[in-house]
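K.L.:
Any chance you could fold what I've pasted below:
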Amino acid sequence: MLDILMAGGWAMLPILVCSLVALAIVLERCWTLRRNAVLPPGLGEEVRQWAHAGQLDPSHLQALSSSSPLGELLASALAVRGQSRDIIKERIEDTGRHVVHSMERYLSTLGTIALIGPLLGLFGTVIGLIRMFMQVMAGGIGDPAKMAGGIGEALICTASGLTVAIPAYVLHRWLRSRILGYCVQMEKQATALLDELTLPAPATAPRVRRTATPVAPNAG
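P.N.:
Numbers count the residues shown, from 1 in each chain. You can find the predicted model right below:
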């Protein structure tokens with residue numbers, strides 16, 4: 001493998017750097033975007049119980065906000081719980097944009113690597129072909145080994161660029177779709193909390209006591 005990389009020439013260096021950066025981003029995002037870390041099980045129901053019971057002191061809100069992206073979103077709604085529904089909803093939307101931006105961290109870099117990978121491979125291909133033609137111009141075509149070296153360098157760079165770009169593109173799309181699914185679930189939890197904070201509790205209908213209807217005596 002090392003011999004193949006060295007045969008690709010100096011143009012393999014940026015491709016190798018891109019592959020290492022992409023691998024680091026994928027590993028970091030997969031760890032950060034674990035489902036239990038983003039959407040802790042039962043957190044939405046627990047927060048609604050807090051709101052119903054009035055257990056909303058600052059220490060609860062601070063711990064909730066720092067626990068997870070969902071916790072940060074719900075804590076922003078609880079922080080303005082005394083306001084109107086429109087104000088609470090606006091605060092949720094503002095915080096949601098920050099939460100999504102945080103979850104999409106480094107994904108633009110991963111998408112850039114997926115885009116420039118083939119271009120770096122094409123650049124290495126062009127460099128290899130130029131070197132081959134320069135050698136042909138200097139010594140003629142009597143040495144097939146020199147031509148084979150230039151062609152080999154070009155093909156190695158092309159293959160390496162595609163090898164980096166294809167997985168980077170697939171993982172970029174997968175991570176984006178994963179974040180989109182998380183956003184839908186967080187929106188559901190935020191809407192349920194918004195209803196808990198703003199909608200009045202359903203009134204219990206009073207029970208009507210029925211009295212027995214007097215029966216008229218039979219005429220004898």
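
K.L.:
drop to CA atoms for contacts and neighbour counts, all remaining ones
P.N.:
Noted.

K.L.:
counting contacts, what elements does the helix or strand containing residue 192 pack onto?
P.N.:
Per DSSP states H and E, residue 192 falls inside helix 144-198. Here helix 144-198 touches helix 2-7, helix 12-32, helix 43-53, helix 69-79, helix 85-103, helix 107-139, going by 3 or more C-alpha pairs under 8 Å, 6 or more residues apart in numbering; DSSP states H and E.

K.L.:
Need the winner for burial among the ones you listed.
P.N.:
Of all those, helix 69-79 has the most neighbours on average by mean count of other C-alpha atoms under 10 Å, namely a mean of 24.

K.L.:
Using CSV, write out every CA atom in that helix.
P.N.:
Coordinates of each C-alpha in helix 69-79 appear next as CSV, following Å, rounded to 0.1, in the frame of the first residue of the first chain:
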residue,chain,number,x,y,z
PRO,A,69,-29.6,19.2,22.2
LEU,A,70,-33.2,18.3,23.1
GLY,A,71,-32.7,19.5,26.6
GLU,A,72,-31.3,22.8,25.3
LEU,A,73,-34.4,23.3,23.1
LEU,A,74,-36.9,22.5,25.9
ALA,A,75,-35.0,24.6,28.4
SER,A,76,-35.4,27.6,26.1
ALA,A,77,-39.1,27.2,26.1
LEU,A,78,-39.3,26.9,29.9
ALA,A,79,-37.2,30.0,30.3
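
K.L.:
and the angle for the host helix or strand of residue 62 with helix 43-53?
P.N.:
According to DSSP H and E, residue 62 maps onto helix 58-67. Here helix 58-67 runs at an angle of 160 degrees relative to helix 43-53 (axes from the mean of the first three to the mean of the last three C-alpha atoms, to 10 degrees).

K.L.:
and helix 58-67, average pLDDT?
P.N.:
For helix 58-67, mean pLDDT rounds to 84.

K.L.:
Please apply the same query to stretch 103-121.
P.N.:
On average, stretch 103-121 scores 93.

K.L.:
how much space between residue 101 and residue 78?
P.N.:
In this structure, residue 101 and residue 78 are 21 Å apart, going by C-alpha to C-alpha, to the nearest Å.

K.L.:
ditto for residue 28
P.N.:
Note on residue 28: its distance to residue 78, by C-alpha to C-alpha, is 30 Å.

K.L.:
now swap in residue 188 and tell me
P.N.:
For residue 188, the distance to residue 78 (C-alpha to C-alpha) stands at 16 Å.
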